[in-house]
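Enquirer: next comes the sequence, and after it the predicted model I'd like to discuss.
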4 protein chains.
Amino acid sequence: MTRVVVWGENVHDREVPRVREIYPDGMHGAIADLLRERLPDADVTTATLDQPSHGLGGDVLANTDVLLWWGHVAHEDVADEVVRAVHDRVLAGMGLVVLHSGHLSKVFRSLMGTSCHLRWRESDDREVVWTVAPTHPIARGLPPAFVLPAHETYSEFFDIPVPDDLVFVSGFTGGEVFRSGCCFNRGLGRVFYFSPGHETYPVYHQPVIGQVLANAVRWAAPAGGADVAVGSSPESATGWYEPVPTTWERADA
Amino acid sequence: MTRVVVWGENVHDREVPRVREIYPDGMHGAIADLLRERLPDADVTTATLDQPSHGLGGDVLANTDVLLWWGHVAHEDVADEVVRAVHDRVLAGMGLVVLHSGHLSKVFRSLMGTSCHLRWRESDDREVVWTVAPTHPIARGLPPAFVLPAHETYSEFFDIPVPDDLVFVSGFTGGEVFRSGCCFNRGLGRVFYFSPGHETYPVYHQPVIGQVLANAVRWAAPAGGADVAVGSSPESATGWYEPVPTTWERADA
Amino acid sequence: MTRVVVWGENVHDREVPRVREIYPDGMHGAIADLLRERLPDADVTTATLDQPSHGLGGDVLANTDVLLWWGHVAHEDVADEVVRAVHDRVLAGMGLVVLHSGHLSKVFRSLMGTSCHLRWRESDDREVVWTVAPTHPIARGLPPAFVLPAHETYSEFFDIPVPDDLVFVSGFTGGEVFRSGCCFNRGLGRVFYFSPGHETYPVYHQPVIGQVLANAVRWAAPAGGADVAVGSSPESATGWYEPVPTTWERADA
Amino acid sequence: MTRVVVWGENVHDREVPRVREIYPDGMHGAIADLLRERLPDADVTTATLDQPSHGLGGDVLANTDVLLWWGHVAHEDVADEVVRAVHDRVLAGMGLVVLHSGHLSKVFRSLMGTSCHLRWRESDDREVVWTVAPTHPIARGLPPAFVLPAHETYSEFFDIPVPDDLVFVSGFTGGEVFRSGCCFNRGLGRVFYFSPGHETYPVYHQPVIGQVLANAVRWAAPAGGADVAVGSSPESATGWYEPVPTTWERADA
């Protein structure tokens, strides 16, 4: 069972009438619903900024396989110790899906090592999201392109490291382009950034967005990779990796 | 059910006593057995050079999800029309796992666009295979390093394109290194090259090698990716991708 | 001195009045002029399909550092032996810059290993070319975005391997996006694909295009890289790389 | 003129007799000498931990094109404000070359977003450094492999992001491999990590190492790339990138 936590800043959702109208259960609530429909075997819960330790204290992170993160106006209110805990948990194997304006969150910036800034405009441009990596698991079941009839424009240059996998590129009415679906590996963890999701549009009520997010959760969930050391520098004696009982002996042994 | 075909050149296996002794059912037979043990839901069959159309005629390729390819001394005997058929089938979505000396096969070279040459030596060097991409599906369940006590040395420079994912790097007694596990995307298909497997060593009787190959088959199998056009250049009218019933209307619509 | 050859198909340029009007000296002639202005130390010549060996026979290729390639309607008329010679010369170190509809040329397809197909439309869309790799040498001196007021639309999915460097992404009026500037390494050679350049627009009279092409020629020119073997598989004795007089002795030697 | 600063921790160099013997002018002094020989047009200076602001205060960073960084035992003594200043300067375009045990420096870790840990052993293993990217500028003029007769062993798994370019892979006597030459782009800056350089061996007196470092400085120096915004998120009105006087008018304009 994949254990998923949807983290929401939960500020606009409570304070801005239009957002409250679109997302009466909060944006995190809508995202969690999208996932529950498509991942019946997952355990999907939510956490928000206003909770103690932002809802991520105790053993929550240790028991999370994939964390989704939506934040916008309150990045600076996230405690540094929570940021460090999330960062460390990603390096230890937790998947992280960063949504929309989460590109400027402390945790995404600390995982990327860049400013993560971009160009933007709120002008109801149509956004067309194109798949440029059709074999990627996050593209599973998608059309060649899908449309957000109106959305905030995010545009290049997007100051991120070169993605390990570039899955989606968006085009906007104004001629802008944006790398809107980007995968990164960090330590034993996988990170996916997906830009659709401005709070004033019902993005997280769309089936195609649910498909992307469910794909992303499946992709980011830890899969029992190679058992390497991360987070410490072990002194390793000559031949530490032997004996290896699964292989043969030298012919002259 | 994943449909797997293990293709073997089947020349050394019949003609060289030592190889016949190690692989009484042929190398393709041993590889198929390794996979059957670990992929009980897969349908694993074999095909060989000496069969009509090298065992890949009719609708065999159309009904294959993942093809494994082992060849060494008879690359030039593979018919160009079979090479083209395999190449086209990869672009259309079939996975391809190229083994050991298959790096010089016509089909691998035509998919890579490079010479695929390398340095080599038969000197019983120990090969240690290191995982450098621990989050990769092909590394699932592996130790940080595994050992072939004696093997043919393959060494850099290996004239391939930069791999999309570099999963394994091998080190040899003589100080050589080799990119021994490399992933490539081509069209809708996935290609994995894995260098262990010289015919004079019982490589394909080792459980750890079975683990790698089973992981590779799972990774390379078509996963229902984005439904893009490959193999033709469709003229596409403005707005061809609309209407898109899954998303909302513009606020002013 | 960098030796540059601009290869042009030279069919539209002679037969279509509008193209002849825009490019009275042929498209290859215009491209060569763009380069001569910006690369005064380069020796820039041209070659065309209608010449013997398409202008690339004898020792022309052996004496070329960077070849630019523009073709559209006559890809099949290029002799296979010339294609092989160009391909081999790229692997041996010659730079190759493939322009616009050259994506379907035999030589580009054989270097890529994919179909290289794409979506397209002739509808006078505006194309905005965005730099997504600002540190790349091919982006030197460019603005964040530049505009082709009207151009043929090329759109994803573009069936190429994942580029080693993605430098430009274009956005079109119709919402399409396209990876319009892509770098690939093949053997000792460097390949750059750049999509602007439809024959019915004066693309190759624009200073910004000249800047891109001059940058591309500088980037693709052989730079005296590591002296590795390509095109053969040398048997290499243990320690073949020693003695290495440039380094020290072991402390206990 | 390229302005280069070699930063040295300068602790072993003063305190450990063997290191003082090998590097009487400090490791930073030896590195600076290596560069001055090969880059006569560069202005090469040094800075050390014990200086005010570690020698990097005032306008030093603003006037540096490429910074080299060697540190080992005193990473924690580097002031956070200096780390931030170096990090910001890299994003703004300064090149950074991180040497050997600098992999655990605060600035490298903050640029990578990972732990940057690795396996290691001090056992006088021979290290053979192989070029796997022969077309890369940092490989210019190098042999296919070069040898450090005895060195500290650094081994995988090395917890870094997937490098944008993997230039060198080392093999060690004990069978270990290590990605020893790795390029990363961060913002407008370029970062190169190069692992040779343990303090108890005369690595920085070797001509081949000088060749690598000179190549790395040339590669990392800012080259006047695209003029994109980094470090802020500009609101960008529709068509902000126009007019673009360098291109043509629409045919119907």
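Expert: Alright, I've got the coordinates.
Enquirer: could you use CA atoms for every contact and neighbour count after this?
Expert: OK.
Enquirer: now for chain A, the helix or strand with the poorest mean pLDDT.
Expert: The helix or strand of chain A with the poorest confidence is helix A:12-15; it has a mean of 91 (mean pLDDT, DSSP states H and E).
Enquirer: same question for that helix: list its buried residues.
Expert: Neighbour-count burial for helix A:12-15, counted by 16 or more other C-alpha atoms under 10 Å in any protein chain shown, picks out A:12-14.
Enquirer: a markdown table please, covering those residues and showing distance to chain C.
Expert: Below are the buried residues of helix A:12-15 laid out as a markdown table (distance: C-alpha to the nearest C-alpha, whole Å):
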| residue | distance to chain C |
| --- | --- |
| A:H12 | 29 |
| A:D13 | 30 |
| A:R14 | 34 |
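Enquirer: CA atoms only: put the least confident helix or strand of chain A into PDB for me.
Expert: The C-alpha trace of helix A:12-15 is given here as PDB (Å, rounded to 0.1, in the frame of the first residue of the first chain):
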ATOM      1  CA  HIS A  12      -5.900  31.100  -0.300                       C
ATOM      2  CA  ASP A  13      -8.300  28.100   0.200                       C
ATOM      3  CA  ARG A  14      -9.600  29.700   3.300                       C
ATOM      4  CA  GLU A  15      -9.200  33.400   2.600                       C
END
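Enquirer: now find how far off-centre it is within its chain.
Expert: Distance of helix A:12-15 from the chain centroid (C-alpha atoms, centre = their mean, to the nearest Å) equals 22 Å.
Enquirer: name the nearest residue to A:R20, ignoring sequence neighbours.
Expert: Excluding the flanking residues, the one nearest A:R20 by C-alpha to C-alpha, 6 or more residues apart in numbering or on different chains is A:D13, at 5.0 Å.
Enquirer: who are the contact partners of that neighbour?
Expert: A:D13 sits next to A:19-20, A:23-24, A:26-27, A:199 when contact means C-alpha atoms under 8 Å, 6 or more residues apart in numbering or on different chains.
Enquirer: which of those residues sits closest to chain C?
Expert: The shortest gap between chain C and any of the contacts of A:D13 belongs to A:E199, at 22.3 Å (C-alpha to the nearest C-alpha).
Enquirer: if we can go back for a sec, most surrounded residue in the contacts of A:D13?
Expert: In terms of neighbour count, A:M27 stands highest of the contacts of A:D13 at 30 neighbours, by other C-alpha atoms under 10 Å in any protein chain shown.
Enquirer: mind checking how far that residue is from B:A74?
Expert: Using C-alpha to C-alpha, to the nearest Å, one gets 61 Å for the distance from A:M27 to B:A74.
Enquirer: got it, and A:D80?
Expert: Distance, A:D80 to B:A74, by C-alpha to C-alpha: 62 Å.
Enquirer: same deal with A:V128?
Expert: 49 Å.
Enquirer: so for those two, which residue has more residues nearby?
Expert: A:V128 (26 against 12).
Enquirer: is it true that the more buried one touches C:E176?
Expert: Yes. Between A:V128 and C:E176 there is a contact under C-alpha atoms under 8 Å: 7.4 Å.
Enquirer: which residues are common contacts for those two?
Expert: A:G171.
Enquirer: what residues does the stretch 1-150 of chain A have near chain C?
Expert: A:126-128, A:130-132, A:144 (C-alpha under 8 Å from any C-alpha of the partner chain).
Enquirer: looking at the residues you listed, which two lie furthest apart in space?
Expert: A:R126 and A:V132 (18.8 Å; C-alpha to C-alpha).
Enquirer: okay, these two: which has more neighbours?
Expert: The residue with more neighbours, out of A:R126 and A:V132, is A:V132; 27 against 20, by other C-alpha under 10 Å.
Enquirer: mind pulling up the pLDDT for the more buried one?
Expert: pLDDT, A:V132: 97.
Enquirer: ok, the one 5 residues further on next?
Expert: A:P137 is assigned a predicted lDDT (pLDDT) of 96.
Enquirer: these two touch, right, it and B:A221?
Expert: No. Using C-alpha under 8 Å, A:P137 makes no contact with B:A221, being 11.2 Å away.
Enquirer: who touches both of those two?
Expert: In contact with both A:P137 and B:A221: no residue, using C-alpha under 8 Å, 6+ apart.
Enquirer: buried residues, the strand ranked longest in chain A. List them.
Expert: The residue-count maximum for a strand in chain A (DSSP state E) belongs to strand A:119-131. Of all the residues in strand A:119-131, those buried under the rule 16+ other C-alpha under 10 Å are A:119-121, A:124-131.
Enquirer: dump those residues to TSV, plus distance to D:P149.
Expert: Formatted as TSV, these follow (distance: C-alpha to C-alpha, whole Å):
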residue	distance to D:P149
A:R119	51
A:W120	54
A:R121	58
A:D124	64
A:D125	62
A:R126	61
A:E127	58
A:V128	57
A:V129	53
A:W130	52
A:T131	49
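Enquirer: B:P52: which of those is nearest?
Expert: Among the buried residues of strand A:119-131, A:T131 lies closest to B:P52 (C-alpha to C-alpha), at 39.6 Å.
Enquirer: next, A:L104: phi, psi?
Expert: Dihedral pair for A:L104: phi -100, psi 10, per degrees, to the nearest 10.
Enquirer: what about the residue lying closest to it once chain neighbours are set aside, neighbour count?
Expert: The shortest distance from A:L104 to any non-neighbouring residue, by C-alpha to C-alpha, 6+ apart, is to A:C116 (6.1 Å). When counting by other C-alpha under 10 Å, one arrives at 23 neighbours for A:C116.
Enquirer: same check, this time on A:P143
Expert: For A:P143, using other C-alpha under 10 Å, the count is 18.
Enquirer: what's the answer for the one 3 residues further on, then?
Expert: Other residues within reach of A:F146, judged by other C-alpha under 10 Å, total 22.
Enquirer: so it: helix, strand or coil?
Expert: strand (DSSP: H, G, I helix; E, B strand; the rest coil).
Enquirer: wait, it touches A:W130, no?
Expert: Yes. With contact defined as C-alpha under 8 Å, A:F146 counts as touching A:W130 (6.8 Å).
Enquirer: list of residues touching the longest strand of chain A?
Expert: Against strand A:119-131 from outside (C-alpha under 8 Å, 6+ apart): A:139, A:143-158, A:167-174, A:180, B:226, B:250, C:156-157, C:175-177, D:233-238.
Enquirer: figure out how far it is from the centre of its chain.
Expert: Computed by C-alpha atoms, centre = their mean, the chain-centroid distance of strand A:119-131 equals 19 Å.
Enquirer: try stretch A:170-183
Expert: 17 Å.
Enquirer: and it, C-alpha only, in PDB?
Expert: Provided in PDB are the C-alpha atoms of stretch A:170-183 (Å, rounded to 0.1, in the frame of the first residue of the first chain):
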ATOM      1  CA  SER A 170       3.500  23.700 -22.200                       C
ATOM      2  CA  GLY A 171       2.700  26.300 -24.800                       C
ATOM      3  CA  PHE A 172       0.600  29.400 -24.000                       C
ATOM      4  CA  THR A 173      -1.500  31.800 -26.100                       C
ATOM      5  CA  GLY A 174       1.100  34.500 -25.800                       C
ATOM      6  CA  GLY A 175       3.800  32.300 -27.400                       C
ATOM      7  CA  GLU A 176       5.400  31.400 -24.200                       C
ATOM      8  CA  VAL A 177       6.800  27.900 -23.500                       C
ATOM      9  CA  PHE A 178       7.500  26.200 -20.100                       C
ATOM     10  CA  ARG A 179       9.000  22.900 -19.000                       C
ATOM     11  CA  SER A 180       5.900  21.900 -17.100                       C
ATOM     12  CA  GLY A 181       6.700  18.300 -16.100                       C
ATOM     13  CA  CYS A 182      10.200  17.600 -14.900                       C
ATOM     14  CA  CYS A 183      11.700  14.600 -13.100                       C
END
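Enquirer: understood, closing this out.
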